[in-house]
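A.B. asks: With the sequence up front, the predicted model follows.
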Amino acid sequence: MIETEKEGISVGNGVRMFWDWLAASDPGLTRLRMGFNAAVAMGTGLGVEYVFARVLHTGGAGQLIAMMLGAVTAMMGGMALAGLSPAGKLKTAAFFPAALGVGIAAGILTAPSRVLTLSVFVVVMFLAVAVRQLGPAYFFYGFMGWIGYFLASLTHLQFSQFPFIVAAVIVASAWIFVLSATVLRTRRQPTLRRTLHAFETHARAMAGSIGEFCVAKTGDPRSKKHVELRGRAVRLSETALMVEGWAAEPGALPAGWTALALRRFLFGVQHVMDRMVGAAAALEDPESAAAQLAGETAQSLSRRQDERAAQILVHFNDIEGDERWAAVEFSNAAAEFLRLAWELRMARLSSRPLEEDVAFEPAAALASSIRPSS
């Protein structure tokens, strides 16, 4: 039996483990980037509106209203413009003042009557949700209209303030457009690479779970090992959908890459993991030589010790008896995983052509840089 190497804890290993954890927990670092963008947009939006109100000498109340509108427009506008082309950003941002203005005007008109205010509030809420069927941008337009109505009703705005309010929204819309098109623009190619790294990390984590399953197997489908394996498989599939979504974005694929070849790579990895799970389940005796070799191989794959895993695979040829078929199947699947990992590594380094591309449509398109189901 091969003695498994112990991976020492070093600064390099610690950094790599932390990066793998971060990449797997947030594929493409999309959530982290969205949080950072929201903080920058709202923070700078507040500052811009403060300066705008001071220049017009609106007083404390005017400053507060302008800054609230700037924060709302920056928060919602930043999400609405994420992932769009410059022309798409401009077209979408141009209607931010209209969406907020309609809501604010309705709030001012109904303010004299509390009953009317509450009644129209329900109607506005319904319309804000109903317009979402017109497209992704209308999700944010409806939200902005609802916020505008709520803000006008809460602060008892007057029609005399309406020109200033619309001007403040226009300033905020222009500012968030400039930010999203420059500092906060989405860099699709690095994001795709990070999402691919997350996919590989999930695949290797699943390999680690398979290794533990091989040597501590139980037939109970409700056991911790079974539940963990199913969870790993689900996260791997979810990340594959995100990779597909980014692959369909213009300019996301490196030179020479094709979306269809990338899809085949994703399918290949998932198929290989399924084969490893099936072969591991067929190894009934966790104490057998085949199960021990399978566990050591899977653990080496999970720790990115690919050379070590390749060395262990040679010993599968010595397996005889009833478990030979399962051992050979596991060995073949692990060897295929090593080949796919090498292919991804080489494609990253050289950006060599993978295949001639044809029409491609992702299984799940992105919305504001995330999967709609997220």
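C.D. replies: Here it is on my side, so go on.

A.B. asks: Can you list the residue ranges for helices in this structure?
C.D. replies: 11-25, 30-56, 59-81, 86-93, 96-110, 114-130, 136-155, 162-181, 188-215, 224-247, 259-282, 289-302, 306-313, 324-350 (DSSP state H).

A.B. asks: Going by neighbour count, list what's buried in the longest one.
C.D. replies: It stands for helix 188-215. 188, 191-215 (16 or more other Cβ atoms under 10 Å). Every C-beta, even on glycine, is put in place using the N, C-alpha and C of the backbone.

A.B. asks: cool, the last one as well?
C.D. replies: Neighbour-count burial for helix 324-350 flags 326-327, 329-338, 340-341, 344, 347 (criterion: 16+ other Cβ under 10 Å).

A.B. asks: circling back: please produce TSV containing the helices of the chain, extended by distance to L253.
C.D. replies: Formatted as TSV, these follow (distance: least, Cβ to Cβ, whole Å):
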stretch	distance to L253
helix 11-25	19
helix 30-56	18
helix 59-81	22
helix 86-93	19
helix 96-110	31
helix 114-130	36
helix 136-155	23
helix 162-181	22
helix 188-215	7
helix 224-247	6
helix 259-282	6
helix 289-302	27
helix 306-313	25
helix 324-350	11
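
A.B. asks: which of those helices is buried the deepest?
C.D. replies: Ranked by mean neighbour count, the helices of the chain are led by helix 289-302 with a mean of 25 (mean count of other Cβ atoms under 10 Å).

A.B. asks: will you turn the helices of the chain into JSON lines that also has mean pLDDT?
C.D. replies: Converted to JSON lines, those look like this (pLDDT from 0 to 100):
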{"stretch": "helix 11-25", "mean pLDDT": "74"}
{"stretch": "helix 30-56", "mean pLDDT": "89"}
{"stretch": "helix 59-81", "mean pLDDT": "88"}
{"stretch": "helix 86-93", "mean pLDDT": "91"}
{"stretch": "helix 96-110", "mean pLDDT": "93"}
{"stretch": "helix 114-130", "mean pLDDT": "92"}
{"stretch": "helix 136-155", "mean pLDDT": "90"}
{"stretch": "helix 162-181", "mean pLDDT": "92"}
{"stretch": "helix 188-215", "mean pLDDT": "89"}
{"stretch": "helix 224-247", "mean pLDDT": "86"}
{"stretch": "helix 259-282", "mean pLDDT": "89"}
{"stretch": "helix 289-302", "mean pLDDT": "91"}
{"stretch": "helix 306-313", "mean pLDDT": "92"}
{"stretch": "helix 324-350", "mean pLDDT": "83"}
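
A.B. asks: quick one on the thing from earlier: closest to V183 among the buried residues of helix 324-350?
C.D. replies: Closest to V183 out of these is A347 (30.3 Å), distances taken as Cβ to Cβ.

A.B. asks: Check the spatially most distant residue from the centre of the chain and give its pLDDT.
C.D. replies: Relative to the centre of the chain, the most outlying C-alpha is that of G321, 46.1 Å out, by Cα atoms, centre = their mean. Predicted confidence (pLDDT) for G321: 79.

A.B. asks: ok, it to E287 distance?
C.D. replies: Applying Cβ to Cβ, to the nearest Å, one obtains 14 Å for the distance of G321 from E287.

A.B. asks: Likewise for L29?
C.D. replies: 42 Å.

A.B. asks: Looking at those two now, which is surrounded by more residues?
C.D. replies: Ranked by neighbour count (other Cβ atoms under 10 Å), L29 and E287 place L29 first, with 18 against 7.

A.B. asks: pretty sure that one contacts L192?
C.D. replies: No - counting by Cβ atoms under 8 Å, L29 sits too far from L192 to count as a contact (11.6 Å).

A.B. asks: do you know how far S288 is from W21?
C.D. replies: Counting by Cβ to Cβ, the gap from S288 to W21 is 33 Å.

A.B. asks: brain fart, I176
C.D. replies: 32 Å.

A.B. asks: got it, and I319?
C.D. replies: Distance of I319 to W21, computed by Cβ to Cβ: 35 Å.

A.B. asks: Please apply the same query to L266.
C.D. replies: 21 Å.

A.B. asks: And R31, by the same measure?
C.D. replies: Separation of R31 from W21 (Cβ to Cβ): 14 Å.

A.B. asks: what does L127 give?
C.D. replies: 43 Å.

A.B. asks: got it, and A205?
C.D. replies: 9 Å.

A.B. asks: same question, T73
C.D. replies: 35 Å.

A.B. asks: Repeat that for G135.
C.D. replies: G135 is 36 Å from W21, by Cβ to Cβ.

A.B. asks: can you check T92 too?
C.D. replies: Taken as Cβ to Cβ, the span from T92 to W21 is 35 Å.

A.B. asks: contacting residues around E49?
C.D. replies: Q63, A66, M67, L69, G70, A71, A168, V171, A172 (Cβ atoms under 8 Å, 6 or more residues apart in numbering).

A.B. asks: Can you tell me the closest non-neighbouring residue to the last one?
C.D. replies: Excluding its sequence neighbours, the residue lying closest to A172 (Cβ to Cβ, 6 or more residues apart in numbering) is T73, at 3.7 Å.
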